[in-house]
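**Q** Any chance you could fold what I've pasted below:
(one chain, ligands or ions: 1)
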Amino acid sequence: MHIKNPIYVTQPHLPPLEEFIPYLQQIWESKCLTNNGPFHQQLEQALCNYLSVKHISLFTNGTIGLVTALQALRITGEVITTPYSFVATAHSLLWNGIKPVFVDVDPDTLNLDPSKIEAAITPSTTAILAVHVYGHPCDVDAIQKIADIYNLKVIYDAAHAFGVRYHDGSLLSHGDLSVLSFHATKVFNTFEGGAIVSPDAKTKQRIDHLKNFGFVDEVTVVAPGINGKMSEFSAALGLLQLKGIDSALQQRRAVDARYRKAFANLKGIRCFSAVHEDVANYAYFPILVQSGYAMNRDELYQKLREHDIIARRYFYPLISDFPMYRGLPSAAQSNLPVASQAAKEVLCLPIYPGLTEEQLDTVISLVKG
Ligand code: T4K
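**A** Coordinates of the predicted model:
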């Protein structure tokens, strides 16, 4: 069974091109390309409504959002974080001169394990930077409880968590700030993009200053801000993407259900259940390839590639194994046994709107062997 076009782990969801043209015409007519233009303002409002949050600041990408979130809360010293994420999570700490302290993950969710956090707190600890990996919620209550006791800020890297609802509200309302990514590979994309969700208008205002070089008005600069602004092109696409988001999420849900059913009794393949969230977003379909399966994870990865199926090992290697982190005492594998094992076993299978039945059958039959 050999297929002509590769099947990628994801493909961006895009609206019909002709629907984007009128937005481009408006941009051409107004000559307003960026700097808090009309589409930018409309998208902030539309996202607040869609996500049920009060304050959103759009960004050029999620990474600059993370860097800015740490600045906005004036985080310094040491921050407790997870090794099991995309490398941008920890890089945002280094860009702020902050020392990451890696803590192991929970075997059920692969999110930061709250029971391991307290042992890693020192007098220099100022915050917890956790990730809702694959869009599955962290144990936000347990994390907040620890943060309250030790007076720590909590930032969620919610790059995977667009639209996820938890505890009768948006998952993005937990912690002091949540940071989204609207990268091409995400559930909701604006080509490149991101956002910070703030709890109040004052925090949003500080973030809006920081993403615009620190400018408050033409002659006043209050902080060494960065250029993190989203352009009108991305904001316009975002407005259009919102119209199709519910259908895109339904299509993802259908793919998720197919995989889950197909692998339910497959020895050595473990799927993650989306039992914790009220509304899931099916951002990824990770499986763990464990003992009992016919081959190891890398062999399955290779076998799929030979059939032009480009599954991805998110997240291998662990962040703590990259050269700029591995010298840290907390990066030792002995400190991170659960994350280390997961990094050896995980494989994210293709999931995106538009994945055809035939493509899905191909992936499933290869995994089933
Ligand atoms: N925090 C977390 C937890 C994150 O996962 C990420 C990003 C961030 C923070 C940072 O947010 P941003 O600054 O990116 O907004 C991808 C993405 O580049 C990255 O955004 C994402 N996480 C990460 C998990 O995945 P790669 O290196 O795997 O991407 P790439 O280019 O190999 O793309 C994967 C597949 O997607 C391709 O094989 C084909 C398809 N694709 C990709 C692109 C870019 C397309 O079909 N079209 C495209 O334009 O990192």
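**Q** What ranges does the stretch 101-250 of the chain have for its helices?
**A** Along the stretch 101-250 of the chain, counting by DSSP state H, counting those that start in this stretch, helices occupy 140-150, 201-210, 232-263.
**Q** nearest to Tyr301, of the ones you listed?
**A** For Tyr301, the closest of the helices of the stretch 101-250 of the chain is helix 232-263, at 16.0 Å, according to CB to CB. C-beta here means a position set from N, CA and C on the backbone, and glycine is covered the same way.
**Q** Just after the closest one, pick out the following helix or strand.
**A** Once helix 232-263 ends, the next helix or strand along the chain (criterion: DSSP states H and E) is strand 269-271.
**Q** Residues touching that next one, excluding its own?
**A** Contacts of strand 269-271 with the rest of the structure, by CB atoms under 8 Å, 6 or more residues apart in numbering, involve Tyr259, Arg260, Phe263, Phe285, Pro286, Ile287, Leu288, Val289, Gln290, Tyr293, Val367.
**Q** try it again with 6 Å
**A** Arg260, Phe263, Ile287, Leu288, Gln290, Tyr293 (CB atoms under 6 Å, 6 or more residues apart in numbering).
**Q** Residues of this structure that sit close to the ligand?
**A** Near the ligand, the residues belonging to the chain are 8-12, 61-63, 85-86, 88-89, 131, 157, 159-160, 181, 183-185, 194, 310, 312, 314 when assessed by CB under 6 Å from any ligand atom.
**Q** got a list of what His136 touches?
**A** Residues in contact with His136 (CB under 6 Å, 6+ apart) are Thr109.
**Q** Buried residues, stretch 352-359. List them.
**A** Tyr352, Pro353, Leu355, Gln359 (16 or more other CB atoms under 10 Å).
**Q** Can you tell me, leaving aside adjacent residues, what's nearest to the residue of the stretch 51-200 of the chain found nearest the ligand?
**A** Of all residues in the stretch 51-200 of the chain, Gly62 sits closest to the ligand, at 2.8 Å by CB to the nearest ligand atom. Leaving aside its sequence neighbours, Gly62 sits nearest to Ser181 (CB to CB, 6 or more residues apart in numbering; 3.0 Å).
**Q** One more: Ala283?
**A** Sequence neighbours aside, Gly135 is the residue nearest to Ala283 in space, at 4.1 Å (criterion: CB to CB, 6+ apart).
**Q** Settle this for me: Arg253 is touching Ala283, isn't it.
**A** No - using CB atoms under 6 Å, Arg253 is not in contact with Ala283; the gap is 11.2 Å.
**Q** Please say which of these two ends up with more neighbours.
**A** Ala283 (28 against 16; other CB atoms under 10 Å).
**Q** coming back round to it: would you list the helices of the stretch 101-250 of the chain in TSV and tack on distance to Arg326?
**A** Output for the helices of the stretch 101-250 of the chain, formatted as TSV (distance: least, CB to CB, whole Å):
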stretch	distance to Arg326
helix 140-150	26
helix 201-210	31
helix 232-263	34
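**Q** Show the contacting residues for the residue of the stretch 51-200 of the chain closest to the ligand.
**A** Contacts of Gly62 (CB under 6 Å, 6+ apart): Ala159, Val179, Ser181, Gly194.
**Q** got a list of what the most centrally placed residue in the chain touches?
**A** In the chain, the residue lying closest to the centroid (CA atoms, centre = their mean) is Ala159, at 2.1 Å. For Ala159, the contacting residues are Gly62, Ser181, by CB under 6 Å, 6+ apart.
**Q** any chance you could map the strands in the stretch 51-200 of the chain?
**A** 55-59, 78-81, 99-102, 125-131, 153-157, 165-166, 169-170, 177-181, 194-198 (DSSP state E, counting those that start in this stretch).
**Q** and the angle from the last one to helix 201-210?
**A** To tie it back to what came earlier, the one meant is strand 194-198. If you take axes from the mean of the first three to the mean of the last three CA atoms, to 10 degrees, strand 194-198 sits at 150 degrees to helix 201-210.
**Q** Before I go, just wanted to say thanks for your time.
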